[in-house]
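> Dropping a prediction and its sequence here:
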Amino acid sequence: MDILERLRDAIGTAHVLTSADADPWTRDWLGKYHSAPKAVLRPGSTRDVQAIMAIANETGTPVVPVSGNTSLSGGTQAAEGSLVLSLSRMNRIRSIRPDARLAIVDGGVVLETLQVAVAAHDLNFPMSFGAKGSCMIGGMLATNAGGSNVLRHGNTRDLCIGIEAILPNGEVLNLMSELHKDNSGYDLRDLLIGSEGTLAVITGAVLKLVPAPKARATAMLAVSSLGDALSILNRLQEETGGAVEAFEYMPSAYLDTLAKRHQNLRPPFSDHHDINILAEVGSTVARDATPDDDGSIPLTSRLEEILAGFMDEGAITDAVIAQNDTQRTEMWDRREAAAEVMLSRRPLVNNDIALPLDRVEEFLTRMAGELSAIDPDAEVIEVAHLGDGNIHYAVFPSDASFVTPIMERVEDVTIEMGGSFSAEHGIGLSKLPSMQRRKDPVALTVMKQIKQALDPKEIMNPGKVLPE
């Protein structure tokens, strides 16, 4: 029997898509990669995924798991003849356990859908980034997604207690533990989280929830240097008892470009500043959210008081504090447009790097000189999750011939300064050369041994993460 006939028998004809029906899955979000899969499969259950993987394993057919298809590194592109396995139908929130502060979900649950569901219990799944309306839990786990709240709550890995995964041979690896402590052997959960679908298909998860903030105070700050900004972050953490949820850096070059593309977004300040910070503090304490007699929110008033002290010292040069949800949303809209703004030009050297917090400013200063030596006409736009050292550093060379030299020099400087060439976007296809050049050879050998042990036929998302 033809493999597509077998798959139709296994999961239903309507869920085996070919030709034009498969078009939405044949390109990545950036439009950089295009593929021609044999079919797109839309399983509706764990049992369906088991059946797909068993057939794929028997026939040696490659399988590429896809969630929201929001990858920025080509991690979900399928070579001709591959099967794309979409989790879009596996979108069930299996249960919400308010007392245990857990949510048990399918891998195809959209992040924003989960957040809305748990908000009804006065809880939150504290992960946020621009793709929250389309990204799915399975993909977030597969890439160990980050975002703006890593500063307080950690990456996706830190918010996951258990997973369910289907191995390449179709077996179910049931790691759906609800335990906060379990030292019974190797941590296979953390092995699969961040493996980008190269070891298994993540079909379910047990996720940590936190109390929903009863109040948030959000502000735009202008500072003289990133060193000053880091000092302000540390002091703000001390003043608020570690309640800083986000601390995002947006330089003037980014905001100027944003203003050209989105004329409806007002500039954050009446004056022009080189270094602009979006800071947000959250509180779950009722008294911080209960309006005072004059209608002011205590948490907002407290932030105003702290920032006024910083201004008196000269630590910050300007500040605007959101007075309502509309103003807060406008502040976040500026930051969450970053992917669109930074990835829309070609040629592009797209860097997603991580550095020690106290070396971010040094890196940017040093790279300015390094770029000038390679390509004096190159332009740079960066934004950063400054609280965790993650810089999105986009370089627009004057000619495509400069792409590789610039990429290699960015990596050189990053590694020399104790950083990583991949912070939160994963490896996929686009960073395979970086893995070959920069990853510790012993680590690469161990990774390949793990891949061979779990996926001896190399059918799981082949050609990603591990360079040949």
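Nice, I can see it.
> Pass me the low-pLDDT residue ranges in this structure, would you?
Scanning the chain with the threshold set as pLDDT under 70 gives 1.
> Got the domain ranges for it?
3-86, 93-211, 215-338, 345-441 (automatic domain parsing).
> Pipe these into TSV and attach distance to residue 452 per row.
For every residue, glycine as well, the C-beta is placed using N, CA and C. Shown next, in TSV, are these (distance: least, Cβ to Cβ, whole Å):
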stretch	distance to residue 452
domain 3-86	15
domain 93-211	11
domain 215-338	38
domain 345-441	16
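> Out of those, which is closest to residue 461?
For the domains of the chain, proximity to residue 461 was assessed by Cβ to Cβ; domain 93-211 is nearest, at 4.1 Å.
> Compute the first-to-last residue distance for that closest one.
By Cα to Cα, to the nearest Å, the extent of domain 93-211 from end to end equals 19 Å.
> go on, stretch 159-172?
End-to-end span of stretch 159-172 (Cα to Cα): 22 Å.
> What residues sit buried inside it?
For stretch 159-172, the neighbour count (16 or more other Cβ atoms under 10 Å) marks 159-170, 172 as buried.
> Out of the residues you listed, which sit inside strands?
Among the buried residues of stretch 159-172, the members found in strands (DSSP state E) are 160-166, 172.
> between the buried residues of stretch 159-172, which is nearest residue 151?
Of the buried residues of stretch 159-172, the one sitting nearest to residue 151 (Cβ to Cβ) turns out to be residue 159, at 13.5 Å.
> residues touching the closest one, list them.
Residues in contact with residue 159, defined by Cβ atoms under 8 Å, 6 or more residues apart in numbering, are 125-127, 153, 207-208.
> where along the stretch 1-150 of the chain do the strands fall?
Here the stretch 1-150 of the chain has its strands, by DSSP state E, counting those that start in this stretch, at 16-17, 39-41, 63-66, 83-86, 93-97, 102-106, 123-124.
> residues in contact with the fourth one?
Contact with strand 83-86 is made by 7, 22, 25, 37-43, 49, 52, 56, 61-67, 76, 78, 108, 201, as judged by Cβ under 8 Å, 6+ apart.
> about what we covered before: compare the strands of the stretch 1-150 of the chain and report which one is nearest to residue 30.
Per Cβ to Cβ, nearest to residue 30 of the strands of the stretch 1-150 of the chain: strand 63-66, 14.8 Å.
> list the helices and strands that closest one packs on?
Identification of packing neighbours for strand 63-66 by 3 or more Cβ pairs under 8 Å, 6 or more residues apart in numbering; DSSP states H and E yields helix 46-59, strand 83-86, helix 137-143, strand 201-208.
> Reformat the buried residues of stretch 159-172 as a markdown table; add distance to residue 245.
Shown next, in a markdown table, are the buried residues of stretch 159-172 (distance: Cβ to Cβ, whole Å):
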| residue | distance to residue 245 |
| --- | --- |
| 159 | 14 |
| 160 | 19 |
| 161 | 21 |
| 162 | 25 |
| 163 | 26 |
| 164 | 30 |
| 165 | 30 |
| 166 | 35 |
| 167 | 37 |
| 168 | 39 |
| 169 | 42 |
| 170 | 41 |
| 172 | 36 |
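> of all those residues, which comes closest to residue 247?
residue 159 (19.0 Å).
> gap between the closest one and residue 339?
22 Å (Cβ to Cβ, to the nearest Å).
> so which of the ones in strands among the buried residues of stretch 159-172 comes closest to residue 349?
Distances from residue 349 to those, taken by Cβ to Cβ, are shortest for residue 160, at 32.0 Å.
> I'd say the closest one and residue 206 touch.
Yes: using Cβ atoms under 8 Å, residue 160 makes contact with residue 206 at a distance of 7.0 Å.
> if you compare the helices and strands packed on strand 63-66, which one is most tucked away?
Of all those, helix 137-143 has the most neighbours on average by mean count of other Cβ atoms under 10 Å, namely a mean of 30.
> Following that helix in sequence, what is the next regular element?
helix 150-153 (DSSP states H and E).
> Other residues contacting stretch 188-198?
Outside of stretch 188-198, the residues within contact range by Cβ under 8 Å, 6+ apart are 64-65, 75-76, 141-144, 156-157, 160, 162-163, 165, 173, 175, 177, 199-200, 202, 426-428, 450-451, 455, 460-462, 464-466.
> one more time with 6 Å, if that's ok
65, 75, 141-144, 157, 163, 165, 175, 199-200, 426, 460-461, 464-465 (Cβ atoms under 6 Å, 6 or more residues apart in numbering).
> Now list the buried members of these.
Buried members of these, counted by 16+ other Cβ under 10 Å: 65, 75, 141-144, 163, 165, 175, 199-200, 426, 460-461, 464-465.
> out of these, who's nearest residue 375?
residue 426 (27.0 Å).
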